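>>> Build me a structure from this.
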Amino acid sequence: MRILQRSSRRWLVCLLASGLLTGSGLLAPVPPVPPEPPPVASDESFALVDAFLQDQMDSIGIPGAAVVVVRDGRQVHAAALGRADDSGRAMTIQTPVLLASTSKTLTTIAVMQQVEAGRLRLDEPVRTYLPWFTLKDSRSAAITVRHLLHQTSGMASTDTAFEASSAQGPAALEDSVRALSDSALAGTPGESFRYASANYNILGLLVQTVTNRPFGDYMEEHVFGPLAMAHSHTARSAAEADNMAAGHSLWFGSFWRQTDVPAPAAGVPSSTMYASAEDLGRELIALLNKGRIGNGRILRPESVDALLERRTRVDDFTGYAMGWYTLSLSGSVGQSSRALPIVEHQGEWGNSHTYVAMVPSSGIGLALVINGNDTSAPSRLRSIDTNVLRILHGIPPEPAVLEEDWLQRYSWAVALALLLAELLSLYLALAVLRRRSAAARTRWLPLAGAAAALVLDAFVLWLCFIYAPARFDTKLPVIVYQFPDVGITLVPALALALTWPLARTVWLLSEVRARSVSRSAAP
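Okay, the predicted model is just below:
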């Protein structure tokens, strides 16, 4: 009994001392322990991914999305949300979507297969295989297969854009590469990174040439077939027959609309393949397994290593391998921070968004397809990609940060304002010309109006033909097609700026002269 009493007294003293120390600030209360993040690629993290995607779809209005996660040679999670088209047809993980630049990751496999076969050599000039290949620069003779793969050929997107083409015939790919002979070279081959989809179109033509097979047929037989990618296609007609998802664009920053954007056959190797999220997952399984999938193999391990090796510096944080960007994904877990080395590629088209990524340290592969795109602020969708990776690795998602400047975010408003200004200019000019009995004090009004209208026209032409192509690193027709809400008002504004100024100026100047003569003849 005494032992119990002494023990009770000791506990009482300890409690009183603890209370005094806490009250005096000498002993701080123990902070609550933050909840443990879910295990990497667990059922809990999959549920969080699905909930995050649903939240993003609700807040942004995305029409449909499908996600697939792979690990250890198999698909470990899959989900599809929303609709595939305006009929209300449900999106599925087997629904093909226009891949845009994610197509490059598939073309790279075909190229490395031909390197393994000895038909292509990485450091051999393109002219070895295409003797007629040239650009409007003698340095183009030095462009090699490796330069194309690593985006260091010296070509720039502005000078080699093809996205506005509507060509769908079997000759479209070669015709587009031959058409590059009129394109300038922006830099010395091998010198630095310059992203241009034309690099991969040339690679596709190289595969077509050395195999003596149409590029699409080769992909079907030697990439899609071995990978069991049953819902992947190189032709739009085949994708449509396979119930592809319809693309959508965000119009005027306000509403999503099913929108048809050109997907030329000239760009199949770089941009216009179609695949489902499930099929992209099978590509990732093979690459994560050093080229093996099931009992088959599409590439040797050393080829996969070369394909994913960073050889080009993009910026201080990002490198480029062969059709894959290399970088670190950062985030915080509790009081510590993490940096995950990843390889990834995103696909951006006027009406679709796709993403594939691999995290070698965890063995996780992610495929995400969305049948819509907000071209005024694509960074909102890009943040979804990386946040899904964060959630899968127990890292909380981060708020989206809009990276676009004011011109891109409000380009539709700028185009609309220019059209309204041109229409107002037209109305005022016609009004002045009709007021032939105007008082003498208004005789210089037509001249002032003509000068103001010319300034407006010059601004429209400068914006369309000089500033915007340089800002978006492409040609004006591509901007019109890829930004459909911009094109619908920019085209008529540009038409007025091109066709009306000369007639208007001559007419107004003649009116000034007529009024001056009339005033001089007046008693």
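
>>> From now on I want contacts and neighbour counts done on CA atoms only, so please keep to that.
OK.

>>> List the contacts of the closest residue to residue 312 other than its chain neighbours.
Spatially, and ignoring its direct neighbours in sequence, residue 312 is nearest to residue 320 (5.0 Å; CA to CA, 6 or more residues apart in numbering). Counting by CA atoms under 8 Å, 6 or more residues apart in numbering, residue 320 makes contact with 150, 151, 310, 311, 312, 313, 314, 326.

>>> Now the phi/psi pair for residue 320, please.
Reported as degrees, to the nearest 10, the phi and psi values for residue 320 are phi -130, psi 130.

>>> partner residues bridging it?
Beta bridges link residue 320 to residue 312, residue 325, judged by DSSP bridges.

>>> Quickly note the distance from it to residue 173.
Applying CA to CA, to the nearest Å, the value for residue 320 to residue 173 is 25 Å.

>>> Am I right that residue 70 sits in a strand?
Yes: using DSSP: H, G, I helix; E, B strand; the rest coil, the assignment for residue 70 is a strand.

>>> I'd assumed residue 366 was in contact with it.
Yes: assessed by CA atoms under 8 Å, residue 70 is found in contact with residue 366 at 6.6 Å.

>>> Overlap of the contact sets of the two?
When contacts are counted by CA under 8 Å, 6+ apart, residue 70 and residue 366 have 281, 284 as shared neighbours.

>>> Name the residue in these two with the higher neighbour count.
residue 366 (28 against 25; other CA atoms under 10 Å).

>>> Three-state assignment for the more buried one, please.
Under three-state DSSP, the three-state class of residue 366 is strand.

>>> That one bridge partners, please.
Bridge pairing for residue 366 - DSSP bridges - gives residue 69, residue 357.

>>> From residue 44, how far off is it?
On the measure of CA to CA, residue 366 and residue 44 end up 16 Å apart.

>>> which residues touch residue 129?
Residue 129 makes contact with 206, 209, 210, according to CA under 8 Å, 6+ apart.

>>> so what's the second one closest to, chain neighbours aside?
What it means is residue 209. The shortest distance from residue 209 to any non-neighbouring residue, by CA to CA, 6+ apart, is to residue 129 (7.5 Å).

>>> State the phi and psi torsions of that neighbour.
Torsion angles, degrees, to the nearest 10, at residue 129: phi -100, psi -30.

>>> and what of the one 10 residues further on?
Phi and psi for residue 139, reported as degrees, to the nearest 10, are phi -70, psi -20.

>>> For it, grab the count of nearby residues.
Counted with other CA under 10 Å, residue 139 comes out at 15.

>>> Using the three-state scheme, assign residue 170.
Classification of residue 170 using three-state DSSP returns coil.

>>> how close does it sit to residue 243?
Residue 170 is 22 Å from residue 243, by CA to CA.

>>> leaving aside the residues next to it on the chain, what's closest to residue 328?
Nearest non-adjacent residue to residue 328 (CA to CA, 6+ apart): residue 341, at 4.2 Å.

>>> Quick check: which ranges of the stretch 401-523 of the chain have low pLDDT?
432-449, 504, 508-509, 511-523 (pLDDT under 70).

>>> Repeat the analysis, applying 90 as the threshold.
401-409, 422, 424-457, 463-484, 498-523 (pLDDT under 90).

>>> pretty sure residue 137 is in contact with residue 187, am I right?
No: using CA under 8 Å, residue 137 makes no contact with residue 187, being 9.9 Å away.

>>> Of those two, which one has the most company?
Between residue 137 and residue 187, residue 187 has the larger neighbour count (other CA under 10 Å), namely 18 against 15.

>>> Kindly confirm whether my reading is correct that that one touches residue 151.
No: using CA under 8 Å, residue 187 is not in contact with residue 151, being 11.4 Å away.

>>> Is the residue nearest the centre of the chain bridged to anything, and to what?
Nearest residue to the geometric centre of the chain (CA atoms, centre = their mean): residue 348, 2.5 Å. Using DSSP bridges, the bridge partners assigned to residue 348 are residue 353.

>>> could you list every residue that touches it?
Residue 348 touches 99, 100, 101, 354, 373, 378, counting by CA under 8 Å, 6+ apart.

>>> Remind me what the helix or strand where residue 452 lies packs against, helices and strands.
With secondary structure defined by DSSP states H and E, residue 452 is part of helix 445-462. For helix 445-462, the packing partners by 3 or more CA pairs under 8 Å, 6 or more residues apart in numbering; DSSP states H and E come out as helix 411-434, helix 484-499, helix 501-521.

>>> if you compare the ones you listed, which one is most tucked away?
helix 484-499 (a mean of 19; mean count of other CA atoms under 10 Å).

>>> How far away from the center of its chain is that helix?
Centroid displacement of helix 484-499 relative to its chain, using CA atoms, centre = their mean, to the nearest Å, is 24 Å.

>>> how about residue 386, secondary structure?
At residue 386 the chain is in helix, as set by three-state DSSP.

>>> gap between it and residue 262?
Residue 386 is 28 Å from residue 262, by CA to CA.

>>> Repeat that for residue 465.
Distance, residue 465 to residue 262, using CA to CA: 21 Å.

>>> Those two: which is more packed in?
Taking other CA under 10 Å, residue 465 and residue 262 do not tie; residue 262 has more neighbours (19 against 13).

>>> How many residues are close by the residue nearest to the more buried one when sequence neighbours are not counted?
Leaving aside its sequence neighbours, residue 262 sits nearest to residue 166 (CA to CA, 6+ apart; 6.0 Å). Counted with other CA under 10 Å, the neighbours of residue 166 add up to 14.
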